[in-house]
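Chemist: Output the structure for:
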Amino acid sequence: MAKGSDRKRREKWAIYLGEACKYLALVCIAMLGFSIRLFSVIKYESVIHEFDPYFNYRVTQFLTKEGFYDLWNWFDDRTWYPLGRVIGGTVYPGLIFTAGTMYKILHFFNIPIHVQEVCVFTAPLFSAFCALACYGLVKEIRGVGAGLLASAFVACVPSYISRSVAGSFDNEGVAIFALVNVFYLFIKTVNTGSLFWATMSVLGYLYMVMSWGGYSFIINLLPIYCLTVIASGKLNARVYVAFAPLIIVGTLMSASIPVVGFNAVLMSEHFGAFFTFAVLHAALLVQYMRRMLSPRHFKVVVTMVLTGAAAAIGVGLAIVIAYVLRSPTLGWTGRSLSLLDPTYAGRFIPIIASVSEHQPPSWTSYIMDLHILVFFAPAGIIACFSRSNLGTLFLILYGVTAVYFSGVMVRLMLVLAPAACCLGAVAISDLLATLASSLKAGVRQALSGKPAPEESVDAVEADTDADAVAAAAASARSVTPAKAGKDKEDKSKEEKEKPKKKKKDEEAKSYYALPIPAVLGLLALLCTMLAMGVIHCVHASADMYSSPSIVLQSWRQDGSMHVFDDFREAYAWLRHNTHREAKVASWWDYGYQTTAMANRTVVVDNNTWNTTHIATVGRAMSSPEYKAWQIYRSLDVDYVFVVFGGLVGYPSDDINKFLWMVRIGGGVYPEIKEPDYLANGNDYRVDASATKTMLNTLMYRLSYLDFADESQLSFGQRGLDRVRQTVIGKLNFKLTYFEEVFTSQHWMMRIYRVRDKPLRDPSQNIKAKRSAVKSKRA
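Modeler: Modelled structure (predicted):
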């Protein structure tokens, strides 16, 4: 009796110890996910990165000063001059509300922290939350061990780090957590059938819609999953409880967000969800009639129901087709069409195609951003097929769809990263379980000198069985009388299938026992690969993704570091040396930074909602000086700046972006033709072989003014562009309609004032010459 109680006590303490280790591991993983993203602050300083984050930072500043209500009604007259922008109706507020709420909570507890610091550390904090959500998702599907592995992977995968380092205050910083959280809550609801978890799933979806336009991935993936469940004959009431409230209630709640509005019910991206909702009810109706009617009556009624349903669906499809045909894009947004047809943006929307993160990734990008997960994720799909259930089916569909979309647009590697982490964790978890069980069996056999019993080898499903028991218990607590009959029927089916499953498991055991040398070799190889993965992730975070685009570094020959701070230098000059109401024109990439850091009104910015306005700036940059002066004067522009990298070798300058200005401008203004700017009709050059049209453009003249003399002084080669590796075609020229007022230390930012009158009025010179000719003739 005493031995039995001691054994129970040891088992109880073993369970407590296991739970403590699990939570300690999760805390360590969350700390890893947060701390690995702090290299940017350690190496540089606490600064906002990139372009879009500056707009989010500026809006968050307004929120903390004016409040949540005033943000919805804020009309920003410092952007898109003279049009302006209604901020509340054109922004996804999730990130801004999150940072603003954290700021107010900290100040409520008298923690004096600046709003910039809150914005800088928001993305690393939510990366830790994403790791926890990823653990929950994989735990629901394959158990605790696989969940911990998935959590560790997503905490340090480079693809996710690239958009969540400290200072990357962009929507994706919280949206990837929201995405994984919705999937976790959805699968939790599928496993339990609980209305509580269904409600949490709807609220999680609402937060996702508030945070990122990528919510359309969820609203299309879940219908695909539901249709697959119906087609595979695995439909049950729990799937309905998970899917139906999210589609109906989630859609209604998302329509209350101004930036989404009626698009939640009028755009083609959402029609698949509504169609699946109807099919789901039809499938459940058929199941109900199958249980309630005899086979003969069931056949008659189903024929009638399916005929009526087909007619109703036909009428509905006709109405939907008539509706979408009214739109030239068939009700799809330009970005959605770019995903469905990768060539669409290049042919019709050059402003989307011009963004580097909208380009397809190379194979090296997958190796760089996923590393060892490139090898383990496909193995995870195979592992999910080998032990298929509702959870693994979702993981397979998530992985396959994410792979497709990441192949279309490099930005969507973010969506693939959690899927690859989950699938890779499933594969490695199964591999480790197999190796551990084989090692255990081999050690027992070596110690006893007898063959190990078969049950000692089968440790693969231990975690999954425990979680299945817990899920069944939760489901039993939430069951209602209406579901009791269905649950009994499901249990009877499972009882019938148990002998078959047992036989399959016994057959599979013979494949699990591996020789000890093979087990040790595989463990050493796996540990080596995991160690290399960790080293790669730290390298990617420290050296590749922590550099803010606004502050650049390079290494000197003596090993010391040289900092290029030209961007902040130029924005500070604009802020302190121009009138507060001055209008500034540049290419749209720099609009958010100009407004936030220089506090000046801009003509265009990164929102890109008005293609015509952006095309007007492109037209000015690709026009001769006099025509560009007229365009900028008509827009009341006071200053124009360009980014130039020819002196220091900075490749992301405006000369390299110039052809996109031509294409976007030519899409609205037919007089701009791309071949006019290309040597021999297909070669983009800035040297002596460049076309006359190219050499006379405002962009060329603003970039290369006095460059020949400066390059001679800097590195002894007159007129050599270090980015294009060629001597420029026009060395000496002067500006008539624009005046240089500032050039940064390394010539990366050049600011020009738009003259009220030309330095020399050509019309007066012509009149003077004509009068002189007439006087001579007289």
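Chemist: Check what pLDDT Y512 gets.
Modeler: Listed pLDDT for Y512 reads 53.
Chemist: Same question for the one 3 residues further on.
Modeler: Taken from the predicted model, the pLDDT recorded for P515 is 84.
Chemist: number of nearby residues for it?
Modeler: Using other Cβ atoms under 10 Å, P515 is surrounded by 10 other residues. Every residue, glycine included, has its C-beta placed from N, CA and C.
Chemist: try V241
Modeler: Neighbours around V241, by other Cβ under 10 Å: 21.
Chemist: same thing with L713?
Modeler: When neighbours are defined as other Cβ under 10 Å, L713 has 8 of them.
Chemist: mind listing the strands in the chain by residue range?
Modeler: 75-76, 85-86, 552-555, 561-564, 583-585, 601-602, 639-643, 720-721, 726-727, 738-743, 749-754 (DSSP state E).
Chemist: any idea how far the third one is from the chain center?
Modeler: On the basis of Cα atoms, centre = their mean, to the nearest Å, the separation between the geometric centre of strand 552-555 and that of its chain is 27 Å.
Chemist: and what of the fourth one?
Modeler: Distance of strand 561-564 from the chain centroid (Cα atoms, centre = their mean) equals 30 Å.
Chemist: Reformat the strands of the chain as TSV; add distance to A513.
Modeler: Below are those laid out as TSV (distance: least, Cβ to Cβ, whole Å):
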stretch	distance to A513
strand 75-76	68
strand 85-86	66
strand 552-555	54
strand 561-564	56
strand 583-585	72
strand 601-602	69
strand 639-643	64
strand 720-721	66
strand 726-727	67
strand 738-743	73
strand 749-754	67
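Chemist: I'd like these as JSON lines, with distance to R290 and mean neighbour count appended.
Modeler: What follows is these, written out as JSON lines (distance: least, Cβ to Cβ, whole Å; neighbours: other Cβ atoms under 10 Å):
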{"stretch": "strand 75-76", "distance to R290": "59", "mean neighbour count": "14"}
{"stretch": "strand 85-86", "distance to R290": "53", "mean neighbour count": "16"}
{"stretch": "strand 552-555", "distance to R290": "67", "mean neighbour count": "13"}
{"stretch": "strand 561-564", "distance to R290": "71", "mean neighbour count": "12"}
{"stretch": "strand 583-585", "distance to R290": "68", "mean neighbour count": "24"}
{"stretch": "strand 601-602", "distance to R290": "64", "mean neighbour count": "24"}
{"stretch": "strand 639-643", "distance to R290": "67", "mean neighbour count": "25"}
{"stretch": "strand 720-721", "distance to R290": "75", "mean neighbour count": "21"}
{"stretch": "strand 726-727", "distance to R290": "75", "mean neighbour count": "16"}
{"stretch": "strand 738-743", "distance to R290": "78", "mean neighbour count": "17"}
{"stretch": "strand 749-754", "distance to R290": "72", "mean neighbour count": "22"}
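Chemist: Dump those strands into a markdown table; add mean pLDDT as well.
Modeler: Below are the strands of the chain laid out as a markdown table (pLDDT from 0 to 100):
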| stretch | mean pLDDT |
| --- | --- |
| strand 75-76 | 93 |
| strand 85-86 | 92 |
| strand 552-555 | 82 |
| strand 561-564 | 84 |
| strand 583-585 | 96 |
| strand 601-602 | 96 |
| strand 639-643 | 96 |
| strand 720-721 | 93 |
| strand 726-727 | 92 |
| strand 738-743 | 95 |
| strand 749-754 | 96 |
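Chemist: So for L106, which of the ones you listed sits nearest?
Modeler: Among these, strand 75-76 comes nearest to L106, with 26.3 Å by Cβ to Cβ.
Chemist: Mind pulling the model confidence for the residue lying closest to A283 once chain neighbours are set aside?
Modeler: The shortest distance from A283 to any non-neighbouring residue, by Cβ to Cβ, 6 or more residues apart in numbering, is to I230 (4.9 Å). I230 is assigned 93 on the pLDDT scale.
Chemist: nearest to A155, of the strands of the chain?
Modeler: Proximity to A155 (Cβ to Cβ) singles out strand 552-555 among those, at 26.3 Å.
Chemist: Quick one, which of the strands of the chain gets closest to G346.
Modeler: The nearest among the strands of the chain, by Cβ to Cβ, is strand 639-643 at 24.0 Å.
Chemist: Could you list the residues in contact with that closest one?
Modeler: 570, 574, 578, 582-587, 590, 600, 632, 650, 652-654, 699, 702-703, 738, 741, 748-754 (Cβ atoms under 8 Å, 6 or more residues apart in numbering).
Chemist: Which residue is the nearest non-sequential neighbour of F183?
Modeler: Nearest one to F183, counting by Cβ to Cβ, 6+ apart, is L137 at 5.5 Å.
Chemist: Which residues are in contact with the one you found?
Modeler: L137 neighbours (Cβ under 8 Å, 6+ apart): 147, 150, 180, 183-184, 187, 422.
Chemist: ditto for V279
Modeler: Residues counted as contacts of V279 (Cβ under 8 Å, 6+ apart) are 227, 230.
Chemist: same thing with T594?
Modeler: Contact analysis of T594 by Cβ under 8 Å, 6+ apart lists 571, 574, 584, 586, 600, 602, 605.
Chemist: Nearest to P758 among the residues you listed?
Modeler: V584 (20.7 Å).
Chemist: Quickly list what the closest one is bridged to.
Modeler: Beta-bridge partners of V584, counted by DSSP bridges, are V602, Y639.
Chemist: just checking, it touches M597?
Modeler: No: between V584 and M597 there is no contact under Cβ atoms under 8 Å: 11.3 Å.
Chemist: mind checking which of the strands of the chain is nearest L416?
Modeler: Nearest of the strands of the chain (Cβ to Cβ): strand 552-555, 28.7 Å.
Chemist: So which other helices or strands are in contact with that closest one?
Modeler: strand 561-564 (3 or more Cβ pairs under 8 Å, 6 or more residues apart in numbering; DSSP states H and E).
Chemist: Parallel or antiparallel, list what pairs with the strand it packs on.
Modeler: For strand 561-564, using DSSP bridges, the partner strands are strand 552-555 (antiparallel).
Chemist: re the thing from before, sitting in helices, which of the contacts of L137 do you find?
Modeler: Using DSSP state H, the members of those that fall in helices are 147, 150, 180, 183-184, 187, 422.
Chemist: Dump these to CSV, plus neighbour count and distance to L395.
Modeler: Below are those laid out as CSV (neighbours: other Cβ atoms under 10 Å; distance: Cβ to Cβ, whole Å):
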residue, neighbour count, distance to L395
G147, 27, 12
A150, 33, 10
V180, 30, 12
F183, 29, 9
Y184, 24, 12
I187, 24, 9
C422, 33, 6
